[in-house]
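> structure of the sequence below:
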Amino acid sequence: MGIGGLSDRELVARCRSGDDEAWGVFVDRFSRYVYAILARGFELNNADAEDVFQDVFSRSFDQLDRLRDDDAVRAWLAQITRRLAIDRIRAGGRDVPVEELPEQVESDFFDRLDEAMDVRGSLEDMPENCREILDRFFVQDQTYAKIGEELDLPGGTIASRISRCLVKLREQLEAAENEPGGRGR
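Numbers count the residues shown, from 1 in each chain. The predicted structure is shown next:
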């Protein structure tokens, strides 16, 4: 198992010990999560989202020792992201009444985001052929015919591969849920 396969707890411990490679994995693991909060949760424009994104990881690097529960790193990052996003909105001089600031992005947003990150992490752990076909079908929204044309496979083969790969993905997600501390991503 490479460093990318470490649980959140193990990764945080390695980051605290000054492991530069672990910090790179940390940023890579949580970058989509943080950016989704900024872009979708707070609807920041690209420039503001990029600036706050940098601030979130800079602050998390400086304050990692303050994290009380290493398994709660996602929630901790979400809190840092939320505070910095609100600061950016306020500093932007926008006339937004305080009661209209998204002080609390709906909790189901974070639940959906966590689920999406878990699926994405499990998808990255799958064999290349499954990753590619599921990405083409679900992310790129390609038809069986288009996938078959690009991969030089019949449509029926595409359908059965998608089905088999979804079973594998489900099994990986279920196995990850049963690990101590959840997915560990």
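
> just give the nearest non-adjacent residue to Val27, would you?
Phe57 (5.6 Å; Cβ to Cβ, 6 or more residues apart in numbering). Placement of C-beta: from N, CA and C, glycine included.

> likewise for Phe42?
Ala85 (4.2 Å).

> quick one, what contacts that neighbour?
When contacts are counted by Cβ atoms under 8 Å, 6 or more residues apart in numbering, Ala85 touches 37-38, 41-42, 44, 52, 102.

> which outside residues touch the longest helix belonging to the chain?
Counting by DSSP state H, the longest helix found in the chain is helix 155-177. With contacts defined as Cβ under 8 Å, 6+ apart, helix 155-177 is touched by 118-119, 121-123, 125-126, 129-130, 133-134, 137, 144-145, 147-148, 151, 153, 182-185.

> go with 10 Å
Applying Cβ atoms under 10 Å, 6 or more residues apart in numbering, the contact partners of helix 155-177 are 115, 118-119, 121-123, 125-127, 129-134, 136-138, 142-149, 151, 153-154, 182-185.

> returning to what we had before: the residue nearest to Val27: what's it in contact with?
By Cβ under 10 Å, 6+ apart, the residues touching Phe57 are 23, 26-27, 30-31, 34, 77, 80-81.

> picking that back up, off-centre distance for the longest helix of the chain?
Remark: helix 155-177 is offset 20 Å from the chain centroid, using Cα atoms, centre = their mean, to the nearest Å.

> buried residues of it, list them for me.
Of the residues in helix 155-177, 158, 161-162, 165, 168-169, 172-173, 176 count as buried by neighbour count, 16 or more other Cβ atoms under 10 Å.

> ok, stretch 139-150 next?
Buried residues in stretch 139-150, counted by 16+ other Cβ under 10 Å: 142, 144, 147-148.

> and that stretch, C-alpha only, in CSV?
Extracted as CSV, the C-alpha positions of stretch 139-150 are listed here (Å, rounded to 0.1, in the frame of the first residue of the first chain):
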residue,chain,number,x,y,z
VAL,A,139,-18.8,11.6,-15.8
GLN,A,140,-18.5,12.2,-19.5
ASP,A,141,-22.1,11.1,-20.1
GLN,A,142,-21.1,9.0,-23.2
THR,A,143,-23.5,6.5,-24.7
TYR,A,144,-22.7,2.8,-25.0
ALA,A,145,-22.3,3.4,-28.7
LYS,A,146,-19.8,6.2,-28.2
ILE,A,147,-17.8,4.3,-25.6
GLY,A,148,-17.8,1.2,-27.8
GLU,A,149,-16.7,3.2,-30.8
GLU,A,150,-13.8,4.8,-28.9
